[in-house]
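1. Predicted coordinates and the sequence they were generated for:
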Amino acid sequence: MGLLALGTALEWPEAKKKAHQVRQWGIEQLLANWRRMKGKERDALLWGDEVEYLVVALDDASKKARLSLAQAEILKSLALDEANWKPDESQHGDGDHDGEHPPHFHPEFGRFMLEATPGRPWGIGFKDLLKVESNMKWRREVAKAHMAPNESPITLTTFPRLGTKDDYIQPYYPPSGPALRSQFVPDEIANPHIRFPTLAGNIRSRRGRKVELNVPIYKDKNTPVPFKDPTVNYDLHNWPEDDDVRNGAAKDDHVYMDAMAFGMGSCCLQITFQAKNMTEGRKLYDQLSPLGPILLALTAATPIYKGFLVDTDVRWNQISAAVDDRTPEELGEVPLKNDRWRIPKSRYASNSTYISQDPRLRPEYLDPDLVVDEDIKKRLIDGGMDDLLATHFAHLFIRDPLVIFSEDLEELDVNKGDHFENLQSTNWQHMRFKPPPSEKDDIGWRVEFRSMEIQITDFENAAFSIFMVLITRAILSFDLNFYIPIQRTTENMETAHVRNAVLDSKFYFRKDPFPKRVPRTHGSTVSANPSSAVNTPPSSPPLGPVESEYELMTIAEIINGCPEGSFPGLIPLVESYLNSVNVDVETRCFLASYLDLIRKRADGTLWTGAKWIREFVTHHPSYKQDSVVSEEICYDLVKAVEEVTVNEGRNGRIGWELLRGKKN
Ligand code: ADP
Ligand code: MG
Ligand code: MG
Ligand code: MG
Ligand code: MG
Ligand code: MG
């Protein structure tokens, strides 16, 4: 949002010299804004989704699917259209969207990507939930109307043959270029706006080598053992970074990739919620955090990289590696000398701390080893911020700013947020706490849920968006408690990568989500546990060990409830919430079809996108059981995906049938 100002972007050695200044200015902007906005109250509940697309070009004559690099032209044409929009004209479709604002389209890292958001955020009313799916379909139609006839927006997370030797991009450019220095993809694969090549180039420079993505290969009957990625060239000498593979960057039994585009070129589904005030926003941030890995596993849709089936189902760790700017010292590969600390996670990672001033947040849930910039934390606390929130931002600000425009360093303006946003928007955690941007915009405290994979059909995308909205309503309405130690969420995030984790893996989850009832008698038990007596008011029941509060559960148990266990299930919680409010029968039925998708995906009746794609590939007549996703399979897959979404748009819910598990 709003980061595309033009200017002179500093290359890494120069940017590094200014990093401290940007951090300090960013913190002053944060403090000034926090002071102005911390009391902002009674904001309406608003929420909005973000859907990301790949733009594919299908060549039916030669049976090739390619990525189209037409992002700039498409966006320009879309923006013209949006500027000329007249609400009562039906020039943009079938007229079903009278009164709705035209969708917004945004650029993304990949020059083959688009992002679309609703023209206005959605409101609290149930009627708005009914518009989401048709609005998403409308976005596709509008986008498609601005593309060449053979181009389409599709919602695969990744393009199956990105980075192969095919002519998979249109127009074609060979690898490689000075920004990415990839041996697989050209610089032209990325948005040419100076921000993006600078981001990629500075990550590489800061790191001291190219980014390194190694995804375990899916071992099929005829996959070579050991598998040595046959697409890696060990004999290149164009860039110093060509040494990376000679230094062991490509691992056996893995598909190796070396550029930001392999991660940031993936599509996801994000939801932003506006809270009624900062306190509620902080609560939602904490309570939604443990759901991140669960929704990642449920939305799994990424089983192919660089022309190979891989043994993982989701994109997350690949994006994490694709923007990992940590130095060897920060990674712990060599002793600390010039850098300030070892950092356990990439700047794209699950979040590492909680921020709510909730009495139920036990100190044991926090990470005792969280790395924070103590000077920044002190500045925030001296400025009046509380410890938890100061810790959160002092953790985000351990990173260096990556893209710095020299024009912005002349004078500090604490009425702006540009330096703060510089750090904030390049900390890609699975939850993001978004302060109001400025006084004049009248936008409140928001929380973004960022872990979900984009789904092939808009029925699914709407279902997951609406499910998350209803969960936030249930959390607030029943004051639910999903706290577990934050490190368990980090572990769950890893678990979500396992092939078929949705059915085969177990995740740490809290057993009892309900607020504690105050017991009638108390006293001896409280004093028997002196440490809890110190922290809790006398009427609270004694707290047991943290480990007894959660256990390993399957996704089915988390979503649908445990038959014997204590966890009631997220869907039953949502149903209870719906029972507690006035919803007319028609709306309830509509919502039920979305909840049914979530329920059945959790219990295995319906497949994830990852499973469907795997089945498509392994049952393709030309598949040789060697993990290779050929150009022909890629074309047929993209074509099938395109047909599903188009038919779904035309005929209602064809995509629903497809994801029931029917063979292609
Ligand atoms: P970013 O890319 O920084 O996450 P975007 O502007 O692309 O942000 O998307 C933000 C989402 O938040 C959109 O779906 C938008 O409709 C929604 N949104 C905008 N304003 C608000 C608001 N005040 N409260 C909640 N959601 C909002
Ligand atoms: Mg964005
Ligand atoms: Mg966005
Ligand atoms: Mg985006
Ligand atoms: Mg976003
Ligand atoms: Mg954090």
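-> Looks like it came in fine. Bear in mind that the values here come from a model prediction, so they are computed numbers and not experimental data. Numbers count the residues shown, from 1 in each chain. Ligands and ions are numbered 1, 2, ... in the order given.
2. Could you use CA atoms for every contact and neighbour count after this?
-> Will do.
3. how close does Ala259 get to ligand 6?
-> Note on Ala259: its distance to ligand 6, by Cα to the ion, to the nearest Å, is 25 Å.
4. actually Leu573, sorry about that
-> Distance from Leu573 to ligand 6, by Cα to the ion: 27 Å.
5. If we go by neighbour counts, what in the helix or strand containing Asp81 is buried?
-> According to DSSP states H and E, Asp81 maps onto helix 71-83. Residues of helix 71-83 classed as buried by neighbour count (16 or more other Cα atoms under 10 Å): 71-72, 74-75, 78, 81-82.
6. cool, and stretch 333-353?
-> Residues 341-343, 345-353 are the ones in stretch 333-353 that count as buried (16+ other Cα under 10 Å).
7. Those residues: which ones sit near ligand 6?
-> Among the buried residues of stretch 333-353, proximity to ligand 6 is found for 351-353 (Cα under 5 Å from the ion).
8. Remind me what the helix holding Asp81 packs against, helices and strands.
-> Applying 3 or more Cα pairs under 8 Å, 6 or more residues apart in numbering; DSSP states H and E, one finds that helix 71-83 contacts strand 104-106.
9. Which is the succeeding secondary structure element to the strand it packs on?
-> Per DSSP H and E, the first helix or strand lying C-terminal to strand 104-106 is strand 113-117.
10. ok, and what's touching that following strand?
-> For strand 113-117, the surrounding residues in contact (Cα atoms under 8 Å, 6 or more residues apart in numbering) are 48-55, 71, 103-108, 139, 265.
11. ok now it, how far from the chain's centre?
-> Distance of strand 113-117 from the chain centroid (Cα atoms, centre = their mean, to the nearest Å) equals 14 Å.
12. Next, the buried residues of the lengthiest helix in the chain.
-> The longest helix of the chain (DSSP state H) is helix 12-37. Residues of helix 12-37 classed as buried: 12, 15-16, 18-19, 22-34, 37 (neighbour count, 16+ other Cα under 10 Å).
13. which bits of the stretch 51-200 of the chain sit near ligand 1?
-> Neighbours of ligand 1 within the stretch 51-200 of the chain, by Cα under 6 Å from any ligand atom: 117-118, 120-121.
14. check whether the longest helix of the chain contacts ligand 1.
-> No. Taking Cα under 6 Å from any ligand atom as the criterion, helix 12-37 and ligand 1 are apart, separated by no less than 13.7 Å.
15. and that helix, what other elements does it pack with?
-> Looks like helix 12-37 contacts helix 195-207, helix 374-382, helix 418-424 (3+ Cα pairs under 8 Å, 6+ apart).
16. Can you check which of these gets nearest to His430?
-> Across these, His430 has its closest neighbour in helix 418-424 (12.7 Å, Cα to Cα).
17. Is any residue of the closest one near ligand 6?
-> No. Helix 418-424 lies out of reach of ligand 6 by Cα under 5 Å from the ion, never closer than 10.5 Å.
18. Start at 6, not 1
-> All right, first residue 6 from here; so that's helix 423-429.
19. what about the nearest residue to Pro112 once chain neighbours are set aside, neighbour count?
-> Nearest residue to Pro112, sequence neighbours excluded (Cα to Cα, 6 or more residues apart in numbering): Leu119, at 5.6 Å. Residues lying near Leu119 (other Cα atoms under 10 Å) number 25.
20. and what of Pro108?
-> Neighbours of Pro108 (other Cα under 10 Å): 20.
21. So it sits against Ser139, correct?
-> No. Pro108 is beyond contact range of Ser139, at 11.8 Å (criterion: Cα atoms under 8 Å).
22. Residues contacting the helix holding Asp86, please?
-> Residues outside helix 76-88 that contact it (Cα under 8 Å, 6+ apart) are 60, 107, 109-112, 116-119, 148, 151-152.
23. And the residue in the stretch 156-305 of the chain positioned nearest to ligand 1, its phi and psi?
-> Per Cα to the nearest ligand atom, Gln279 is where the stretch 156-305 of the chain lies closest to ligand 1, at 4.1 Å. Dihedral pair for Gln279: phi -90, psi 130, per degrees, to the nearest 10.
24. beta partners of it?
-> Note on Gln279: beta-bridge partners Leu51, Arg451, judged by DSSP bridges.
25. How much space separates it from ligand 6?
-> The gap separating Gln279 from ligand 6 is 19 Å, by Cα to the ion.
26. three-state assignment of the nearest residue to Lys311 once chain neighbours are set aside?
-> Residue nearest to Lys311 in three dimensions, not counting chain neighbours: Arg166, with 4.7 Å by Cα to Cα, 6+ apart. Under DSSP: H, G, I helix; E, B strand; the rest coil, the three-state class of Arg166 is coil.
27. How many residues are close by Arg166?
-> 24.
28. show me what contacts it?
-> 173, 310-312, 634, 636, 639.
29. quick one, phi psi at it?
-> Main-chain torsions, Arg166, degrees, to the nearest 10: phi -120, psi 30.
30. thinking again about what came up before, now the residues of the stretch 56-205 of the chain next to ligand 1: which count as buried?
-> Buried among those by 16+ other Cα under 10 Å: 122-123, 126.
31. Looking at the residues you listed, which one is closest to Arg619?
-> Nearest to Arg619, judged by Cα to Cα, of those is Thr122 at 29.3 Å.
32. Can you give me the pLDDT of that closest one?
-> What the model reports for Thr122 is a pLDDT of 98.
33. who in this structure is up against ligand 6?
-> By Cα under 5 Å from the ion, the part of the chain that sits against ligand 6 consists of 356-358, 397.
34. Which one of the residues in the stretch 456-605 of the chain is closest to ligand 6?
-> The minimum distance from the stretch 456-605 of the chain to ligand 6, using Cα to the ion, falls at Ile491 (10.0 Å).
35. excluding its backbone neighbours, what's nearest Phe25?
-> No Phe there; residue 25 is His. Closest residue in space to His25, ignoring its immediate chain neighbours: Asp405 at 7.8 Å, by Cα to Cα, 6+ apart.
36. separation between the closest residue to Asp258 other than its chain neighbours and Lys439?
-> Nearest residue to Asp258, sequence neighbours excluded (Cα to Cα, 6+ apart): Phe232, at 4.5 Å. To Lys439, Phe232 is 44 Å away according to Cα to Cα, to the nearest Å.
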